[in-house]
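Participant: this one's structure only:
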């Protein structure tokens, strides 16, 4: 029982893309956490006390303190345990460090693509007239991924990396905005890459729906597969 109480606590929201990629990393790293699914309209005081920013994901860890950003949670997980080398440490291609390339790609999508994606989502939701322009802004980034996937099986190499699961939830959102257009779009490699994840047993486990957390609820253990 004490071992369970000592586990890190992950505050999460099932369909939040940031929380989704944190759960993916924890699962892939075979780490074990206490999962607390919440609803943003009723945030638990325990989470607010730990992280006043009041957004998910948040990892509360007795050893390393509070980790408030999804990418930092992913790096925490793989720095703890990375049996499949998701961080691509020391891997080089034409003398270029793959870890450096990977982090640059994630930064580009976090800093640039996500803003374009939000504009695209809003244009569709509110039936705005600039939806094509918003989609085309996103396509410039999707085309980069298509090119990468013509060179190797995953975004950085022929092996999965942090970049794949960091970008996955946001490409999933992109694919759902104008579904019929997306299915005919000139990105067959991206579609195959995305489908391989969405149809996987691991994604199903990561997206399992749990009861919303409250103090009286039984502890939910996540990961450690």
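Facilitator: That came in fine, so what should we check first? Just so it is clear, the structure is predicted and the values come from calculations on it, not from any experiment. Numbering: from 1, shown residues only.
Participant: Name the strands paired with the longest strand belonging to the chain and say parallel or antiparallel.
Facilitator: Across the chain, the longest stretch assigned as strand under DSSP state E is strand 32-37. Take DSSP bridges as the rule and strand 32-37 pairs in its sheet with strand 9-12 (parallel), strand 221-223 (antiparallel).
Participant: now it: mean pLDDT?
Facilitator: Mean per-residue pLDDT for strand 32-37: 96.
Participant: and after it, which helix or strand comes next?
Facilitator: Moving toward the C-terminus from strand 32-37, the next helix or strand (DSSP states H and E) is helix 45-50.
Participant: Just the residues contacting that next one, thanks.
Facilitator: 11, 36, 38, 54, 58, 60, 66 (CB atoms under 8 Å, 6 or more residues apart in numbering). Glycine gets a C-beta too; all of them are placed from N, C-alpha and C.
Participant: which parts of it are buried?
Facilitator: For helix 45-50, a neighbour-count test (16 or more other CB atoms under 10 Å) marks 47, 50 as buried.
Participant: same thing with stretch 158-169?
Facilitator: 160, 161, 162, 163, 164, 165, 166, 167, 168, 169.
Participant: okay if I get those residues as TSV plus distance to residue 47?
Facilitator: Below are those laid out as TSV (distance: CB to CB, whole Å):
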residue	distance to residue 47
160	30
161	30
162	25
163	28
164	28
165	24
166	23
167	26
168	25
169	21
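Participant: Show me those residues that map onto helices.
Facilitator: The helices, defined by DSSP state H, take in 162, 163, 164, 165, 166, 167, 168, 169 from these.
Participant: which one of those is nearest residue 18?
Facilitator: residue 169 (7.5 Å; CB to CB).
Participant: Identify the residues contacting the closest one.
Facilitator: By CB under 8 Å, 6+ apart, the contact set of residue 169 is 17, 18, 20, 21, 24.
Participant: 10 Å - rerun?
Facilitator: Applying CB atoms under 10 Å, 6 or more residues apart in numbering, one finds that residue 169 lies in contact with 15-24, 70, 197, 206.
Participant: By neighbour count, which of the residues you listed wins?
Facilitator: residue 22 (32 neighbours; other CB atoms under 10 Å).
Participant: for residue 204, what are its contacts?
Facilitator: Residue 204 neighbours (CB under 10 Å, 6+ apart): residue 198.
Participant: Residue 140: which of the strands paired with strand 32-37 is closest?
Facilitator: Across the strands paired with strand 32-37, residue 140 has its closest neighbour in strand 9-12 (31.0 Å, CB to CB).
Participant: Pull out the buried positions in the closest one.
Facilitator: Those would be 9, 10, 11, 12, for strand 9-12 by 16+ other CB under 10 Å.
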